[in-house]
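Undergrad: Predicted model and sequence follow; I will ask about them next.
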Amino acid sequence: MKELWQEALDALSQVWFVQSLIEQRRTKRTLSFRLDIGTGLFVQVFVGMRTDVLYFSLVKDEQRIFGIDREQDKWHRHPYHAPELHEPLAEGLEPRPLFTFLSQVERLIWEHDLL
């Protein structure tokens, strides 16, 4: 969890479209935060140590429009064109999962004029 939080802090200063970082909840075993991008557009992150999950969602106007999740070492994607789907993602997002996810968000921002 510490590494993921450090990635979020780094993203705040290094990723051009990240405007703010808001920690929503932190316990000994969970961490939830969001990275604000623009009006109604943000990245939601949740990590649960007990259940071994990591969720990344790109949210626009209160709806997930893209996401990548890891559940017990298995990754899957919720594609932009159909975020309700679960597509296996063999390569995952390691070694820096948040930065890897944000690079995909950047591509979507440009491709779909999200800002």
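TA: Happy to help now that I have it. Numbers count the residues shown, from 1 in each chain.
Undergrad: Going by residue numbers, what spans are strands in this structure?
TA: For the chain, strands defined by DSSP state E occupy the ranges 20-26, 30-38, 41-48, 53-60, 63-71, 74-78, 87-88.
Undergrad: who touches R77 in this structure?
TA: Applying C-beta atoms under 8 Å, 6 or more residues apart in numbering, we find R77 in contact with G67, I68, H86, E87, P88, L89. Heads up, the C-betas are built off the backbone N, CA and C, glycines and all.
Undergrad: with the residues you listed in mind, which one is nearest to S20?
TA: Set against S20, the nearest of those by C-beta to C-beta is G67 (20.3 Å).
Undergrad: Quick check: the closest one vs D61, distance?
TA: 15 Å (C-beta to C-beta, to the nearest Å).
Undergrad: Comparing those two, which shows the higher neighbour count?
TA: It is G67, of G67 and D61, that has more neighbours when counted by other C-beta atoms under 10 Å, with 20 against 8.
Undergrad: For the more buried one, give its distance to A8.
TA: In terms of C-beta to C-beta, G67 sits 17 Å off from A8.
Undergrad: got it, and V45?
TA: V45 is 7 Å from A8, by C-beta to C-beta.
Undergrad: Check the contact lists of the two and give me the overlap.
TA: By C-beta under 8 Å, 6+ apart, the residues touching both V45 and A8 are F33, L35, L98.
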